[in-house]
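J.: Mind looking at a prediction? Sequence and model below.
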Amino acid sequence: MLAIKAGATYANTTVVGLGERAGNAPLEEVVTALTLCHQIAMDIKISHFPALCQAVSEATGLSVARNKSIVGAQVFTHESGIHVDGLVKDVRNYQGLDPTILGRNHTLVLGKHSGLGAVKAVFSNIGISLNHVQTGLILPLVQEFATRLKRNPSDNELLSLITNVPKNHVDKIVPGKLQ
C-alpha cells in the first residue's frame with residue numbers, strides 16, 4: 001500500500017491467492033484497501049470481485065475459503081450474540097466493509113453463540129415476530145439444536161422449533177404479527 005501511495009504504478013497481485021509465486025497480495029484485498037481506505041481511484045469495479053474469484057475457483061478446481069476476506073461465502077455471516085445485537089442496532093458497529101458494494105448482504109444465522117437479539121431478528125426475517133418471552137423460550141432450543149447437530153438450523157428447522165415451545169406460548173406466535 002505504501003509503495004502505491006508513494007507513486008508505484010504497478011502491484012504484483014493474485015486472485016484468491018493464486019498467482020506466479022507465493023506471497024503476492026490478493027488483488028481483491030489490495031484494490032479494496034486502496035479504494036476504500038486510501039481513496040485512490042482505480043478503474044476496477046469492486047463489485048465484480050465475487051464473480052472473478054468464483055471464475056478462478058471454477059477454472060482451477062480450488063475452492064475459495066468460506067472465511068476468505070472480501071469474497072468468502074461467509075464473510076458477512078454473523079452468529080455471535082453481542083455481535084448480531086450490535087449489527088442489528090447499527091450496521092456500522094461491525095461493518096468494516098459494506099457488503100452491498102460487492103453485491104452482497106449481511107446474513108444472520110442462529111447457533112450456539114446466538115443471543116436474544118439474533119433470534120428475534122432471524123425469526124423476523126422469516127416472517128415471525130416474537131415477543132421477549134417467546135424469544136427467551138426459543139433461544140435455548142436453537143442453542144441445543146446447534147450444539148447437538150454441529151450446524152446452524154435452516155429456516156424450516158427454526159419453524160419446527162416453535163412446536164417445542166410450551167403450548168401456552170405457541171398460540172401467540174403468529175406470522176407477521178408482533179406479540
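T.: Done, it's in. Residues are numbered from 1 along each chain as shown.
J.: ok, and the closest non-adjacent residue to residue 63?
T.: Counting by Cβ to Cβ, 6 or more residues apart in numbering, residue 57 is the residue found nearest to residue 63 once chain neighbours are left out, at 5.8 Å. C-beta: built from backbone N, CA, C; applies to glycine.
J.: Let me see the contact set for that neighbour.
T.: Residues near residue 57 by Cβ atoms under 8 Å, 6 or more residues apart in numbering: 16, 63, 64.
J.: Tell me the buried residues within these.
T.: 16, 64 (16 or more other Cβ atoms under 10 Å).
J.: Lowest-confidence one in the contacts of residue 57?
T.: pLDDT across the contacts of residue 57 is lowest for residue 16, at 84.
J.: got the phi/psi numbers for that residue?
T.: In terms of degrees, to the nearest 10, the main-chain angles of residue 16 are phi 50, psi 40.
J.: Wait, it touches residue 50, no?
T.: No - the criterion here is Cβ atoms under 8 Å, and residue 16 misses it with residue 50 at 10.7 Å.
J.: which residues are in contact with both of the two?
T.: Common neighbours of residue 16 and residue 50 (Cβ under 8 Å, 6+ apart) are residue 71.
J.: what about the closest residue in space to residue 151 that isn't next to it in sequence, distance to residue 73?
T.: Closest residue in space to residue 151, ignoring its immediate chain neighbours: residue 111 at 7.9 Å, by Cβ to Cβ, 6+ apart. According to Cβ to Cβ, to the nearest Å, residue 111 and residue 73 sit 16 Å apart.
J.: With neighbour numbers in mind, choose between these two.
T.: It is residue 111, of residue 111 and residue 73, that has more neighbours when counted by other Cβ atoms under 10 Å, with 19 against 16.
J.: Kindly check the end-to-end length of stretch 36-53 for me.
T.: Length of stretch 36-53, first residue to last, Cα to Cα, to the nearest Å: 19 Å.
J.: Ok, stretch 38-50 next?
T.: Start-to-end, stretch 38-50 (Cα to Cα) is 21 Å.
J.: what's the answer for stretch 35-43, then?
T.: 10 Å.
J.: Ok, stretch 67-85 next?
T.: Using Cα to Cα, the two ends of stretch 67-85 sit 21 Å apart.
J.: in it, what counts as buried?
T.: So for stretch 67-85, counting by 16+ other Cβ under 10 Å, buried means 68, 70-73, 75-76, 78-81, 83-85.
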